[in-house]
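Participant: have a look; sequence and predicted model below, questions after that.
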Amino acid sequence: MRDYSLKKKENFRRGYKHPLARAAIIVVVALLLVYVFGGLIGGATAVLVKPWYAATSWMHDGTGIIPTYLRSAQSYRDEVTRLSDELAQAHLNDEERQFLESENTELRALLGDTEGATHERIAAGVIGRPPFIPYDTLMLDRGTDDGILLDAPVYHFNNQLIGFVSSVSGHSAVVTLLSAPNFETTVYVFGPNIYTTARGVGNGVVRVSVPQNIAIAEGDSVVAPTLEQGFIGRFGVIRSESSEPEQYGFVLPDNSIQSFRLVSVGVRPVTEVSFDAAKNNLESAKSSLFTIPVPADVLVDEHATSTDPVDTTGEEASTTAE
Amino acid sequence: MRVLAYMVVLALAFTMPLWVFVIAAALYFARWSGGELLVIAVCVDALFGSHGTFSGLLYTAITGGLYLFAAAIKPQLRIYQDLI
């Protein structure tokens, strides 16, 4: 009897010895179960998983306090995320707007439209600058086809005269800067109020030499009297040594030449002018350099003084200003 | 550990997309090679599948394929030989 029992067990195990065959049989049985008894098994499974789906439905559609609170919290989180995204987008738009505004301001300044005064200019982009072209020269992307003339003055930001057109073709022009080595310009220095000669020393720097007995200081304005808009710059550095007969004032560029991106070009070339015409230009330069348009209700000058108490209303001040 | 993994696969089968279940089933087979996952697949197909059609056997077929594949390659893997 015991022998018979052992043989039966051995026979049973031998029949399912190959694991792959046993797996194949299990798979076939499973497929047949689904195919034949799918409805029955599905019904039983539905009963088993019903609590889960009931809980899910309660969470999504329930009107109780807890599901409503949880849904509200989730909706608030979604709202915070959405508003954060909108805020980031608004920051981006604001930065873009600020960039466009600054560019607009720069372009207006290039065209001479500053402080209410408009001067006819041609805006041009700088497509070549040192060290890729000779020092103290610039290449512009505008030429005779755009109205650029030979010897026309060239200005940088804030109406600063930087040079003149030394060569021009149909679609490009070369600008020689006033700072080109040994380039001489007759200038007028406000402060000591003298005419003198400025010489370029390279890299955007113009040097003005005056005798030691003339007081010059940092910040003195230097203008070219040959032009109405001839502001070259201000003394940034003064070098004065008592052992030398002369002292030097250096006009430094506000920005590096390599950073010049846009310039404006006058529509009329620089021509020879008489000394009287130069003096008239200086008066114009004085007007543009040292006066600014002041609102009538703020301006108080000698014409406004009176023995009577001054009525500082805008209307009366406007009259006196005129 | 095996029971816990089985419960995780069970939950994934009823709540997650098919590909999530397939990945979980593949990992389960790689570790234990148990045929009990077929029970889950049968239940899912029976609950959600179209009864009496071959398209309603998707979970069972995929799980069966993974099971057969695991059974076929396991004898070739040294790690399982060492365990035996």
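Facilitator: Yep, it's here.
Participant: any idea how many residues pack against A:Ala73?
Facilitator: As a burial measure, A:Ala73 scores 10 neighbours (other C-beta atoms under 10 Å in any protein chain shown). Where you see a C-beta, it was placed from the backbone N, CA and C, and this is true even at glycine.
Participant: sec struct for it, please.
Facilitator: Of the three states, A:Ala73 takes helix under DSSP: H, G, I helix; E, B strand; the rest coil.
Participant: show me what contacts the residue of the stretch 201-322 of chain A found nearest chain B?
Facilitator: Closest approach between the stretch 201-322 of chain A and chain B, counting by C-beta to the nearest C-beta: A:Arg261, at 53.6 Å. Shown in contact with A:Arg261 (C-beta atoms under 8 Å, 6 or more residues apart in numbering or on different chains): A:Gly125, A:Val126.
Participant: who in chain B is up against chain A?
Facilitator: In this structure, chain B approaches chain A at residues B:14-15, B:35, B:38-39, B:41-49, B:51-52, B:54, B:56-57, B:60-61, B:64-65, B:67-68, B:71-72, B:74-75, judged by C-beta under 8 Å from any C-beta of the partner chain.
Participant: among the residues you listed, name the ones in helices.
Facilitator: Judged by DSSP state H, helices contain the following of these: B:14-15, B:38-39, B:41-48, B:60-61, B:64-65, B:67-68, B:71-72.
Participant: please pick the buried ones from the residues of chain B next to chain A.
Facilitator: Buried residues within the residues of chain B next to chain A, counting neighbours by 16 or more other C-beta atoms under 10 Å in any protein chain shown: B:14, B:35, B:38-39, B:41-47, B:49, B:51, B:56-57, B:60-61, B:64, B:67-68, B:71, B:74.
Participant: enumerate the residues of chain A near chain B.
Facilitator: Proximity of chain A to chain B, by C-beta under 8 Å from any C-beta, involves residues A:19-20, A:22-24, A:26-27, A:30-31, A:33-35, A:37-42, A:45-46, A:48-49, A:52.
Participant: which PyMOL command selects the buried ones in the residues you listed?
Facilitator: The following PyMOL line selects those of the residues of chain A next to chain B that are buried, judged by 16+ other C-beta under 10 Å:
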select buried, chain A and resi 23+24+26+27+30+31+33+34+35+38+41+42+45+49
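Participant: once you drop chain neighbours, what's closest to B:Leu68?
Facilitator: Distances taken as C-beta to C-beta, 6 or more residues apart in numbering or on different chains place A:Ala23 nearest to B:Leu68, at 5.3 Å, with adjacent residues excluded.
Participant: phi first, then psi, for the one you found.
Facilitator: Phi and psi for A:Ala23, reported as degrees, to the nearest 10, are phi -60, psi -40.
Participant: phi and psi next, for the residue of the stretch 201-322 of chain A closest to chain B.
Facilitator: A:Arg261 adopts backbone torsions of phi -120, psi -40, taken as degrees, to the nearest 10.
Participant: ok, B:Val9 touching B:Ala26?
Facilitator: No - with contacts counted by C-beta atoms under 8 Å, B:Val9 stays clear of B:Ala26, the gap being 10.3 Å.
Participant: of those two, who's got more company?
Facilitator: B:Val9 (22 against 15).
Participant: isn't B:Ala41 up against B:Gly64?
Facilitator: Yes - applying C-beta under 8 Å as the test, B:Ala41 and B:Gly64 come out as touching, 7.4 Å apart.
Participant: quick check: neighbours shared by those two?
Facilitator: A:Ala30.
Participant: mind listing the strands for the stretch 1-150 of chain A?
Facilitator: With DSSP state E, counting those that start in this stretch, the ranges of strands along the stretch 1-150 of chain A come out as A:121-128, A:137-140.
Participant: redo those strands as a markdown table? Include mean pLDDT, distance to A:Ala180 and mean neighbour count.
Facilitator: Formatted as a markdown table, the strands of the stretch 1-150 of chain A follow (pLDDT from 0 to 100; distance: least, C-beta to C-beta, whole Å; neighbours: other C-beta atoms under 10 Å in any protein chain shown):
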| stretch | mean pLDDT | distance to A:Ala180 | mean neighbour count |
| --- | --- | --- | --- |
| strand A:121-128 | 88 | 15 | 18 |
| strand A:137-140 | 92 | 7 | 21 |
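Participant: closest one to A:Ser172 among those?
Facilitator: strand A:137-140 (6.1 Å; C-beta to C-beta).
Participant: got a list of contacts for the closest one?
Facilitator: A:124-130, A:133, A:148, A:154, A:163, A:165-166, A:172-177, A:180, A:257, A:260, A:263, A:265.
Participant: so how do I select the buried members of those residues in PyMOL?
Facilitator: Selection of the buried residues among the contacts of strand A:137-140 in PyMOL, burial being defined by 16+ other C-beta under 10 Å:
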select buried, chain A and resi 124+126+129+130+148+154+163+165+172+173+174+175+176+177+180+257+260+263+265
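Participant: could you report the pLDDT at the residue of the stretch 51-200 of chain A found nearest chain B?
Facilitator: Of the residues in the stretch 51-200 of chain A, the one nearest chain B is A:Trp52, at a distance of 6.9 Å by C-beta to the nearest C-beta. pLDDT recorded at A:Trp52 is 83.
Participant: wait, it touches B:Phe14, no?
Facilitator: Yes - the pair A:Trp52 / B:Phe14 is scored as a contact, 6.9 Å apart, by C-beta under 8 Å.
Participant: model confidence score at the residue lying closest to A:Val27 once chain neighbours are set aside, please.
Facilitator: In space, and not counting its chain neighbours, A:Val27 is closest to B:Gly64: 3.5 Å by C-beta to C-beta, 6+ apart. Looking at B:Gly64, its pLDDT is 90.
Participant: what's near enough to touch B:Gly64?
Facilitator: Shown in contact with B:Gly64 (C-beta under 8 Å, 6+ apart): A:Ile26, A:Val27, A:Ala30, A:Leu31, B:Leu38, B:Ala41.
Participant: again, but for A:Gly147
Facilitator: A:Ile122, A:Val267.
Participant: just the one 3 residues further on next, same as before
Facilitator: For A:Leu150, the residues meeting the contact criterion (C-beta under 8 Å, 6+ apart) are A:Val165, A:Ser166, A:Ser167, A:Val168, A:Pro269.
Participant: right, and the pair among the residues you listed with maximum separation?
Facilitator: So, those by C-beta to C-beta: farthest apart are A:Ser167 and A:Pro269, at 12.9 Å.
Participant: tell me the domain boundaries of chain A?
Facilitator: Structural domains assigned to chain A are A:2-57, A:126-290, following automatic domain parsing.
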